[in-house]
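K.L.:
Got a sequence here, can you build the structure:
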Amino acid sequence: MSKKIKIAVAGIGNCFSSLYQGLHYYKDVDPDNGIIPGIMNMRIGGYHPADIQVVAAFDIDRRKVGRPTGEAIFAAPNCTLIFQKDVTPGPIVQMGPVLDGFPEHMLDYPEHLAYRISNEDPVDVAQVLRDTGADILVNYMPVGSQLATEYYAQSCLDAGVAFLNCMPVFIASNPEWEEKFINAGLPCLGDDIRSQVGASIVSQVMQELLFDRGATVDFHGQYNQGANTDFLTMEDKNRLSSKKVSKENVIRSQNDLRGIAVKEGQLYAGPSVYVPRGNDEKVAFFDIRAKGFGNFPIKIDIRLSVEDSPNSAGVSIDAIRYLKVAREMGIIGALRGPSAFTKKTPPQQMRYVDAMAECEAMVNRELTDITKHQLNKEDALVYMKEQLDKGSSAHLGRVLEFKQKLKSFKK
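P.N.:
Now for the predicted structure:
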(Lines give C-alpha, C1' and ligand atoms only; values in the text may rest on other atoms or scores of the structure.)
Protein backbone atom coordinates (compact mmCIF):
# COMPACT_ATOMS: atom_id res chain seq x y z
CA MET A 1 0.00 0.00 0.00
CA SER A 2 1.48 3.31 -1.08
CA LYS A 3 -0.42 5.36 1.50
CA LYS A 4 1.58 6.23 4.63
CA ILE A 5 0.57 6.06 8.29
CA LYS A 6 1.81 9.33 9.75
CA ILE A 7 2.68 9.09 13.44
CA ALA A 8 3.83 11.51 16.10
CA VAL A 9 5.65 10.19 19.17
CA ALA A 10 5.79 11.55 22.71
CA GLY A 11 8.86 10.23 24.53
CA ILE A 12 12.00 9.41 22.53
CA GLY A 13 13.25 6.75 24.92
CA ASN A 14 14.34 3.15 24.62
CA CYS A 15 11.01 1.79 23.38
CA PHE A 16 10.79 4.29 20.56
CA SER A 17 14.47 3.79 19.73
CA SER A 18 13.75 0.12 19.08
CA LEU A 19 10.64 0.93 17.08
CA TYR A 20 12.42 3.50 14.88
CA GLN A 21 15.33 1.16 14.28
CA GLY A 22 12.91 -1.61 13.42
CA LEU A 23 11.09 0.46 10.81
CA HIS A 24 14.40 0.77 8.96
CA TYR A 25 15.69 -2.73 9.70
CA TYR A 26 12.62 -4.35 8.15
CA LYS A 27 11.67 -1.80 5.50
CA ASP A 28 12.77 -3.98 2.59
CA VAL A 29 11.22 -7.25 3.79
CA ASP A 30 9.04 -8.82 1.10
CA PRO A 31 5.48 -7.86 2.10
CA ASP A 32 4.07 -11.08 0.67
CA ASN A 33 6.65 -13.72 1.60
CA GLY A 34 8.90 -12.19 4.23
CA ILE A 35 8.97 -12.82 7.97
CA ILE A 36 9.49 -10.23 10.71
CA PRO A 37 10.07 -11.70 14.19
CA GLY A 38 7.67 -10.04 16.61
CA ILE A 39 5.20 -9.01 13.92
CA MET A 40 2.06 -11.14 13.95
CA ASN A 41 0.92 -10.05 10.51
CA MET A 42 3.03 -8.76 7.66
CA ARG A 43 0.04 -6.74 6.51
CA ILE A 44 -2.79 -5.33 8.61
CA GLY A 45 -5.61 -4.00 6.50
CA GLY A 46 -3.12 -3.79 3.64
CA TYR A 47 -0.49 -1.84 5.61
CA HIS A 48 3.12 -3.06 5.84
CA PRO A 49 5.43 -1.81 8.64
CA ALA A 50 7.31 0.18 5.99
CA ASP A 51 4.16 2.28 5.52
CA ILE A 52 4.68 3.90 8.94
CA GLN A 53 6.23 7.38 8.74
CA VAL A 54 7.31 9.43 11.76
CA VAL A 55 6.31 13.06 11.18
CA ALA A 56 6.71 14.57 14.67
CA ALA A 57 8.61 13.78 17.85
CA PHE A 58 8.44 15.26 21.37
CA ASP A 59 10.69 14.92 24.40
CA ILE A 60 11.96 16.98 27.37
CA ASP A 61 15.58 15.82 27.61
CA ARG A 62 18.23 18.38 26.59
CA ARG A 63 20.24 15.71 24.77
CA LYS A 64 17.32 14.97 22.46
CA VAL A 65 15.37 18.20 21.97
CA GLY A 66 16.54 20.05 18.87
CA ARG A 67 18.21 17.00 17.31
CA PRO A 68 16.96 14.87 14.41
CA THR A 69 14.99 11.85 15.58
CA GLY A 70 17.56 9.53 14.00
CA GLU A 71 20.22 10.96 16.32
CA ALA A 72 18.07 11.43 19.41
CA ILE A 73 17.16 7.75 19.64
CA PHE A 74 20.83 6.95 20.35
CA ALA A 75 21.35 9.75 22.91
CA ALA A 76 21.71 9.12 26.65
CA PRO A 77 20.09 7.91 28.77
CA ASN A 78 18.84 5.50 26.08
CA CYS A 79 20.62 2.21 26.53
CA THR A 80 18.76 -0.31 24.41
CA LEU A 81 20.35 -2.64 21.90
CA ILE A 82 21.47 -0.96 18.66
CA PHE A 83 20.65 -3.30 15.80
CA GLN A 84 20.20 -0.71 13.04
CA LYS A 85 22.65 2.21 13.00
CA ASP A 86 21.70 3.40 9.51
CA VAL A 87 18.43 5.31 9.99
CA THR A 88 16.98 8.39 8.34
CA PRO A 89 17.28 11.71 10.24
CA GLY A 90 13.52 12.08 10.62
CA PRO A 91 11.85 15.14 12.15
CA ILE A 92 13.57 17.40 14.68
CA VAL A 93 12.62 16.47 18.24
CA GLN A 94 10.54 19.28 19.75
CA MET A 95 10.15 20.25 23.38
CA GLY A 96 7.03 18.87 25.01
CA PRO A 97 5.48 20.07 28.27
CA VAL A 98 7.26 18.77 31.37
CA LEU A 99 4.29 18.65 33.76
CA ASP A 100 4.79 15.43 35.80
CA GLY A 101 6.90 13.74 33.13
CA PHE A 102 10.16 14.29 35.02
CA PRO A 103 10.73 12.18 38.15
CA GLU A 104 12.67 14.43 40.51
CA HIS A 105 14.80 11.60 41.90
CA MET A 106 16.50 11.38 38.48
CA LEU A 107 18.71 14.26 39.67
CA ASP A 108 20.25 11.90 42.23
CA TYR A 109 21.62 9.63 39.50
CA PRO A 110 24.45 10.12 36.95
CA GLU A 111 23.56 11.84 33.69
CA HIS A 112 24.20 8.78 31.55
CA LEU A 113 21.49 6.91 33.50
CA ALA A 114 18.87 9.61 34.00
CA TYR A 115 16.84 12.37 32.33
CA ARG A 116 17.97 15.99 32.23
CA ILE A 117 15.44 18.69 31.36
CA SER A 118 15.94 20.96 28.36
CA ASN A 119 15.65 24.73 28.76
CA GLU A 120 13.64 25.07 25.55
CA ASP A 121 10.07 26.35 25.67
CA PRO A 122 7.41 23.69 25.03
CA VAL A 123 5.60 23.73 21.72
CA ASP A 124 1.85 23.60 21.13
CA VAL A 125 1.51 19.87 20.52
CA ALA A 126 -1.99 20.03 19.05
CA GLN A 127 -0.83 22.60 16.51
CA VAL A 128 2.18 20.47 15.54
CA LEU A 129 -0.16 17.51 15.03
CA ARG A 130 -2.31 19.61 12.72
CA ASP A 131 0.65 21.04 10.82
CA THR A 132 2.26 17.64 10.21
CA GLY A 133 -0.97 15.84 9.30
CA ALA A 134 -0.34 13.13 11.90
CA ASP A 135 -2.81 10.25 11.95
CA ILE A 136 -1.78 8.82 15.33
CA LEU A 137 0.13 9.96 18.40
CA VAL A 138 2.09 7.23 20.22
CA ASN A 139 2.48 7.94 23.93
CA TYR A 140 5.70 6.70 25.59
CA MET A 141 5.68 8.97 28.65
CA PRO A 142 7.43 7.66 31.79
CA VAL A 143 5.45 5.65 34.34
CA GLY A 144 3.43 7.93 36.61
CA SER A 145 3.08 10.77 34.09
CA GLN A 146 -0.64 11.29 34.63
CA LEU A 147 -0.80 14.97 33.70
CA ALA A 148 1.57 14.65 30.75
CA THR A 149 -0.35 11.71 29.30
CA GLU A 150 -3.66 13.51 29.70
CA TYR A 151 -2.14 16.54 27.97
CA TYR A 152 -1.14 14.47 24.94
CA ALA A 153 -4.52 12.71 24.88
CA GLN A 154 -6.29 16.06 24.91
CA SER A 155 -3.99 17.35 22.17
CA CYS A 156 -5.13 14.42 20.03
CA LEU A 157 -8.76 15.30 20.65
CA ASP A 158 -8.08 18.94 19.78
CA ALA A 159 -6.25 18.04 16.56
CA GLY A 160 -8.45 15.13 15.44
CA VAL A 161 -5.74 12.48 15.89
CA ALA A 162 -6.01 8.87 17.12
CA PHE A 163 -4.23 8.01 20.38
CA LEU A 164 -2.04 4.98 21.11
CA ASN A 165 -1.24 4.75 24.82
CA CYS A 166 1.75 2.53 25.58
CA MET A 167 2.12 3.39 29.27
CA PRO A 168 0.09 2.82 32.44
CA VAL A 169 -1.99 5.93 32.76
CA PHE A 170 -5.53 4.78 32.00
CA ILE A 171 -7.03 6.52 28.98
CA ALA A 172 -8.56 3.93 26.64
CA SER A 173 -9.72 1.92 29.68
CA ASN A 174 -11.13 4.99 31.44
CA PRO A 175 -14.78 5.61 30.43
CA GLU A 176 -14.48 9.36 30.90
CA TRP A 177 -11.68 9.50 28.33
CA GLU A 178 -13.24 6.95 26.00
CA GLU A 179 -16.41 9.02 25.90
CA LYS A 180 -14.34 12.01 24.79
CA PHE A 181 -12.83 10.01 21.93
CA ILE A 182 -16.24 8.67 20.93
CA ASN A 183 -17.70 12.17 20.86
CA ALA A 184 -14.73 13.32 18.76
CA GLY A 185 -15.30 10.44 16.33
CA LEU A 186 -11.81 9.04 16.97
CA PRO A 187 -10.38 5.63 17.91
CA CYS A 188 -7.92 5.06 20.73
CA LEU A 189 -5.94 2.01 21.84
CA GLY A 190 -4.48 1.23 25.26
CA ASP A 191 -3.39 0.99 27.99
CA ASP A 192 0.20 -0.07 28.87
CA ILE A 193 2.19 -2.02 26.28
CA ARG A 194 2.24 -5.81 26.49
CA SER A 195 5.51 -7.08 25.00
CA GLN A 196 5.96 -9.76 22.36
CA VAL A 197 7.14 -12.42 24.83
CA GLY A 198 7.29 -10.60 28.14
CA ALA A 199 6.28 -11.14 31.72
CA SER A 200 2.65 -10.16 31.20
CA ILE A 201 1.85 -12.49 28.32
CA VAL A 202 3.66 -15.36 30.08
CA SER A 203 1.60 -14.74 33.22
CA GLN A 204 -1.63 -14.60 31.22
CA VAL A 205 -1.11 -17.80 29.25
CA MET A 206 0.10 -19.70 32.34
CA GLN A 207 -3.02 -18.62 34.25
CA GLU A 208 -5.19 -19.59 31.27
CA LEU A 209 -3.43 -22.94 30.89
CA LEU A 210 -3.95 -23.91 34.53
CA PHE A 211 -7.62 -22.96 34.51
CA ASP A 212 -8.31 -24.62 31.15
CA ARG A 213 -6.65 -27.83 32.39
CA GLY A 214 -8.86 -27.88 35.47
CA ALA A 215 -6.31 -26.77 38.06
CA THR A 216 -6.93 -24.26 40.84
CA VAL A 217 -4.41 -21.46 41.33
CA ASP A 218 -3.48 -20.68 44.93
CA PHE A 219 -0.85 -18.03 44.21
CA HIS A 220 0.61 -16.34 41.14
CA GLY A 221 3.60 -14.09 41.73
CA GLN A 222 5.57 -12.14 39.13
CA TYR A 223 8.71 -10.20 40.12
CA ASN A 224 10.72 -7.98 37.79
CA GLN A 225 14.12 -6.33 37.78
CA GLY A 226 15.63 -4.07 35.17
CA ALA A 227 18.36 -1.56 34.44
CA ASN A 228 16.80 1.04 32.13
CA THR A 229 15.15 4.41 32.82
CA ASP A 230 11.73 2.77 33.08
CA PHE A 231 12.87 0.86 36.17
CA LEU A 232 14.71 3.92 37.49
CA THR A 233 11.51 5.94 37.18
CA MET A 234 9.71 3.32 39.24
CA GLU A 235 12.12 3.77 42.13
CA ASP A 236 9.70 6.54 43.12
CA LYS A 237 6.92 4.38 44.58
CA ASN A 238 4.48 7.29 44.36
CA ARG A 239 4.48 6.81 40.58
CA LEU A 240 3.67 3.10 40.79
CA SER A 241 -0.04 2.87 41.56
CA SER A 242 -1.30 2.54 37.98
CA LYS A 243 1.64 0.37 36.92
CA LYS A 244 1.15 -2.18 39.68
CA VAL A 245 -2.59 -2.40 39.06
CA SER A 246 -1.97 -2.71 35.32
CA LYS A 247 0.43 -5.63 35.72
CA GLU A 248 -1.87 -7.43 38.14
CA ASN A 249 -4.82 -6.86 35.78
CA VAL A 250 -3.28 -9.31 33.33
CA ILE A 251 -3.49 -12.17 35.85
CA ARG A 252 -6.66 -11.06 37.60
CA SER A 253 -8.58 -10.77 34.31
CA GLN A 254 -8.37 -14.50 33.67
CA ASN A 255 -10.06 -15.13 37.03
CA ASP A 256 -12.69 -12.48 36.32
CA LEU A 257 -13.52 -13.92 32.88
CA ARG A 258 -14.23 -17.30 34.51
CA GLY A 259 -16.03 -15.96 37.56
CA ILE A 260 -13.25 -17.14 39.91
CA ALA A 261 -12.81 -14.88 42.94
CA VAL A 262 -9.37 -13.46 43.68
CA LYS A 263 -8.61 -13.80 47.38
CA GLU A 264 -6.44 -11.40 49.35
CA GLY A 265 -2.76 -12.16 48.80
CA GLN A 266 -3.46 -14.60 45.95
CA LEU A 267 -1.62 -12.67 43.27
CA TYR A 268 1.25 -10.23 43.00
CA ALA A 269 2.81 -8.58 39.98
CA GLY A 270 4.92 -5.52 39.76
CA PRO A 271 8.29 -3.89 39.32
CA SER A 272 10.65 -4.99 42.03
CA VAL A 273 14.25 -3.87 41.64
CA TYR A 274 16.24 -1.27 39.69
CA VAL A 275 19.79 -2.46 38.99
CA PRO A 276 21.96 0.42 37.64
CA ARG A 277 23.86 -1.56 35.03
CA GLY A 278 23.04 0.91 32.27
CA ASN A 279 21.55 -1.60 29.86
CA ASP A 280 18.08 -2.65 28.68
CA GLU A 281 17.88 -6.17 30.09
CA LYS A 282 14.78 -7.10 32.05
CA VAL A 283 14.55 -10.26 34.14
CA ALA A 284 11.23 -11.63 35.36
CA PHE A 285 10.68 -14.41 37.87
CA PHE A 286 7.41 -16.31 38.19
CA ASP A 287 6.27 -18.17 41.30
CA ILE A 288 3.03 -20.07 40.62
CA ARG A 289 1.42 -22.45 43.07
CA ALA A 290 -1.60 -24.51 42.03
CA LYS A 291 -3.49 -27.72 42.82
CA GLY A 292 -4.45 -30.51 40.47
CA PHE A 293 -6.32 -33.80 40.66
CA GLY A 294 -6.51 -35.19 44.19
CA ASN A 295 -5.44 -31.75 45.44
CA PHE A 296 -1.82 -32.57 44.61
CA PRO A 297 0.50 -29.54 44.49
CA ILE A 298 1.76 -28.02 41.24
CA LYS A 299 4.76 -25.69 41.54
CA ILE A 300 5.92 -23.64 38.56
CA ASP A 301 9.06 -21.49 38.70
CA ILE A 302 10.14 -19.60 35.57
CA ARG A 303 12.96 -17.18 34.81
CA LEU A 304 12.56 -14.97 31.74
CA SER A 305 15.31 -12.64 30.47
CA VAL A 306 14.66 -10.25 27.58
CA GLU A 307 15.96 -7.08 25.97
CA ASP A 308 13.10 -4.95 27.24
CA SER A 309 12.51 -2.37 24.50
CA PRO A 310 12.80 -4.44 21.30
CA ASN A 311 10.43 -6.86 22.99
CA SER A 312 7.68 -4.25 22.74
CA ALA A 313 8.51 -2.60 19.40
CA GLY A 314 6.87 -5.12 17.10
CA VAL A 315 3.70 -5.03 19.18
CA SER A 316 3.56 -1.24 18.82
CA ILE A 317 4.03 -1.50 15.06
CA ASP A 318 0.99 -3.79 14.96
CA ALA A 319 -1.02 -1.49 17.24
CA ILE A 320 -0.28 1.53 15.03
CA ARG A 321 -1.65 -0.31 12.02
CA TYR A 322 -4.75 -1.50 13.89
CA LEU A 323 -5.55 2.11 14.80
CA LYS A 324 -5.12 3.34 11.24
CA VAL A 325 -7.32 0.61 9.81
CA ALA A 326 -9.96 1.16 12.50
CA ARG A 327 -10.12 4.82 11.60
CA GLU A 328 -10.55 4.00 7.93
CA MET A 329 -13.33 1.55 8.83
CA GLY A 330 -15.11 4.27 10.81
CA ILE A 331 -14.64 2.56 14.20
CA ILE A 332 -14.62 5.01 17.11
CA GLY A 333 -13.79 4.77 20.80
CA ALA A 334 -11.45 2.28 22.42
CA LEU A 335 -10.52 -0.72 20.27
CA ARG A 336 -11.41 -3.75 22.38
CA GLY A 337 -9.69 -6.65 20.63
CA PRO A 338 -6.42 -4.95 19.63
CA SER A 339 -6.19 -3.37 23.09
CA ALA A 340 -6.67 -6.76 24.79
CA PHE A 341 -4.03 -8.31 22.52
CA THR A 342 -1.39 -5.60 22.73
CA LYS A 343 -1.96 -3.94 26.13
CA LYS A 344 -2.03 -4.98 29.80
CA THR A 345 -5.11 -2.97 30.75
CA PRO A 346 -7.58 -2.82 27.87
CA PRO A 347 -11.12 -1.45 28.19
CA GLN A 348 -12.38 -5.04 27.91
CA GLN A 349 -10.33 -8.03 29.04
CA MET A 350 -10.42 -11.14 26.85
CA ARG A 351 -8.96 -14.60 26.65
CA TYR A 352 -5.93 -14.83 24.40
CA VAL A 353 -7.75 -16.65 21.58
CA ASP A 354 -10.68 -14.20 21.60
CA ALA A 355 -8.41 -11.14 21.46
CA MET A 356 -6.46 -12.70 18.59
CA ALA A 357 -9.69 -13.38 16.68
CA GLU A 358 -10.70 -9.72 17.01
CA CYS A 359 -7.31 -8.68 15.65
CA GLU A 360 -7.53 -11.11 12.74
CA ALA A 361 -10.88 -9.62 11.78
CA MET A 362 -9.31 -6.15 11.64
CA VAL A 363 -6.40 -7.51 9.59
CA ASN A 364 -9.03 -8.41 6.99
CA ARG A 365 -11.08 -5.24 7.54
CA GLU A 366 -14.02 -7.23 8.86
CA LEU A 367 -16.46 -6.06 11.53
CA THR A 368 -17.15 -8.23 14.57
CA ASP A 369 -19.97 -8.40 17.12
CA ILE A 370 -18.00 -5.80 19.06
CA THR A 371 -16.84 -3.37 16.38
CA LYS A 372 -20.25 -3.25 14.68
CA HIS A 373 -21.39 -1.37 17.80
CA GLN A 374 -18.65 1.24 17.35
CA LEU A 375 -19.61 2.80 14.03
CA ASN A 376 -21.57 5.75 15.41
CA LYS A 377 -21.51 7.75 18.63
CA GLU A 378 -24.85 6.56 20.00
CA ASP A 379 -24.12 2.83 19.63
CA ALA A 380 -20.53 3.23 20.84
CA LEU A 381 -21.66 4.98 24.03
CA VAL A 382 -24.31 2.33 24.69
CA TYR A 383 -21.74 -0.45 24.26
CA MET A 384 -19.27 1.32 26.54
CA LYS A 385 -21.92 1.66 29.26
CA GLU A 386 -22.85 -2.02 28.91
CA GLN A 387 -19.22 -2.90 29.59
CA LEU A 388 -19.20 -0.57 32.60
CA ASP A 389 -22.14 -2.48 34.04
CA LYS A 390 -20.01 -5.64 33.72
CA GLY A 391 -17.21 -4.09 35.77
CA SER A 392 -14.84 -2.95 33.02
CA SER A 393 -13.60 0.01 35.12
CA ALA A 394 -12.93 -1.92 38.34
CA HIS A 395 -9.18 -1.35 37.90
CA LEU A 396 -9.67 2.39 38.44
CA GLY A 397 -10.94 1.71 41.95
CA ARG A 398 -7.94 -0.52 42.66
CA VAL A 399 -5.61 2.37 41.74
CA LEU A 400 -7.25 4.53 44.41
CA GLU A 401 -6.96 1.68 46.94
CA PHE A 402 -3.25 1.30 46.22
CA LYS A 403 -2.67 5.04 46.64
CA GLN A 404 -4.44 4.94 50.00
CA LYS A 405 -2.21 2.05 51.11
CA LEU A 406 0.87 4.07 50.17
CA LYS A 407 -0.35 7.00 52.26
CA SER A 408 -1.03 4.73 55.24
CA PHE A 409 2.40 3.16 54.93
CA LYS A 410 4.09 6.59 55.00
CA LYS A 411 2.23 7.52 58.18
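
K.L.:
and Val306, bridged to which residues?
P.N.:
Bridge pairing for Val306 (DSSP bridges) gives the partners Lys282.

K.L.:
Run a quick neighbour tally on it.
P.N.:
For Val306, the count of nearby residues is 19 (other C-beta atoms under 10 Å). Any C-beta I mention is one placed from the backbone N, CA and C, and that applies to glycine too.

K.L.:
And Phe296, by the same measure?
P.N.:
Phe296 has 9 nearby residues by other C-beta under 10 Å.

K.L.:
Could you report the separation of it from Ala290?
P.N.:
In this structure, Phe296 and Ala290 are 10 Å apart, going by C-beta to C-beta, to the nearest Å.

K.L.:
low-scoring pLDDT stretches of the protein, where are they?
P.N.:
When residues are selected by pLDDT under 70, those of the chain lie in 1-2, 271, 399-411.

K.L.:
For it, which segments count as strands?
P.N.:
Taking DSSP state E, the strands of the chain run over residues 5-10, 52-59, 93-95, 136-139, 162-165, 187-189, 216-226, 267-274, 281-291, 297-307, 333-334.

K.L.:
got the contact list for Ile317?
P.N.:
By C-beta atoms under 8 Å, 6 or more residues apart in numbering, the contact list for Ile317 reads Leu19, Gly22, Leu23, Ile39, Pro49, Ile52.

K.L.:
could these go into TSV alongside neighbour count?
P.N.:
What follows is the contacts of Ile317, written out as TSV (neighbours: other C-beta atoms under 10 Å):
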residue	neighbour count
Leu19	27
Gly22	24
Leu23	22
Ile39	22
Pro49	25
Ile52	24
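
K.L.:
coming back round to it: got the strands of the chain as JSON lines, with distance to Ser118 columns?
P.N.:
Output for those, formatted as JSON lines (distance: least, C-beta to C-beta, whole Å):
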{"stretch": "strand 5-10", "distance to Ser118": "14"}
{"stretch": "strand 52-59", "distance to Ser118": "8"}
{"stretch": "strand 93-95", "distance to Ser118": "6"}
{"stretch": "strand 136-139", "distance to Ser118": "19"}
{"stretch": "strand 162-165", "distance to Ser118": "24"}
{"stretch": "strand 187-189", "distance to Ser118": "28"}
{"stretch": "strand 216-226", "distance to Ser118": "25"}
{"stretch": "strand 267-274", "distance to Ser118": "24"}
{"stretch": "strand 281-291", "distance to Ser118": "28"}
{"stretch": "strand 297-307", "distance to Ser118": "28"}
{"stretch": "strand 333-334", "distance to Ser118": "33"}
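
K.L.:
The ones you listed: which one's closest to Leu240?
P.N.:
Proximity to Leu240 (C-beta to C-beta) singles out strand 267-274 among these, at 6.9 Å.

K.L.:
Tell me what angle that closest one forms with strand 216-226.
P.N.:
10 degrees (axes from the mean of the first three to the mean of the last three C-alpha atoms, to 10 degrees).

K.L.:
Give me the sheet partners of strand 267-274 and which way each runs.
P.N.:
strand 216-226 (parallel).

K.L.:
Quick one: residues in contact with the strand it pairs with.
P.N.:
Contacts for strand 216-226 (C-beta under 8 Å, 6+ apart): 199, 203, 206-207, 210-211, 231, 247, 251, 255, 265-275, 280-291, 308.

K.L.:
Report the buried residues of that strand.
P.N.:
Neighbour counts over strand 216-226 (16 or more other C-beta atoms under 10 Å) mark Val217, His220, Gly221, Gln222, Tyr223, Asn224, Gly226 as buried.

K.L.:
Quick check: of these, which lies closest to Asp32?
P.N.:
Distance to Asp32, by C-beta to C-beta, is smallest for Gly226 among the buried residues of strand 216-226, at 37.5 Å.

K.L.:
bridging residues for that closest one?
P.N.:
With DSSP bridges as the rule, Gly226 is bridged to Tyr274, Lys282.

K.L.:
ok, now how distant is it from Thr80?
P.N.:
Distance, Gly226 to Thr80, by C-beta to C-beta: 11 Å.

K.L.:
shared neighbours, these two?
P.N.:
Joint contacts of Gly226 and Thr80 (C-beta under 8 Å, 6+ apart) are Asp280, Asp308.

K.L.:
what's the neighbour count on Asn364?
P.N.:
For Asn364, the neighbour count with other C-beta under 10 Å is 12.

K.L.:
got the contact list for it?
P.N.:
Gly45.

K.L.:
now do 10 Å
P.N.:
Taking C-beta atoms under 10 Å, 6 or more residues apart in numbering, we find Asn364 in contact with Asn41, Arg43, Ile44, Gly45, Gly46, Val325.

K.L.:
Need phi/psi at it.
P.N.:
phi -100, psi 10 (degrees, to the nearest 10).

K.L.:
Please apply the same query to the one 10 residues further on.
P.N.:
Reported as degrees, to the nearest 10, the phi and psi values for Gln374 are phi -120, psi 30.

K.L.:
Give me the number of neighbouring residues for it.
P.N.:
Around Gln374 there are 25 residues (other C-beta under 10 Å).

K.L.:
Can you list the buried residues in stretch 247-264?
P.N.:
Lys247, Glu248, Asn249, Val250, Ile251, Arg252, Ser253, Gln254, Asn255, Asp256.

K.L.:
What distance do you get for the first one to Leu19?
P.N.:
The gap separating Lys247 from Leu19 is 22 Å, by C-beta to C-beta.

K.L.:
Neighbour-wise, give me the winner out of the contacts of Asn364.
P.N.:
The contacts of Asn364, ranked by neighbours (other C-beta under 10 Å): first place Ile44, 28 neighbours.

K.L.:
ok, now which ones touch that residue?
P.N.:
5, 51, 317-325, 338, 359-360, 362-365.

K.L.:
ok, and the closest non-adjacent residue to it?
P.N.:
Once flanking residues are discounted, Ile44 sits nearest to Arg321: 3.8 Å by C-beta to C-beta, 6 or more residues apart in numbering.
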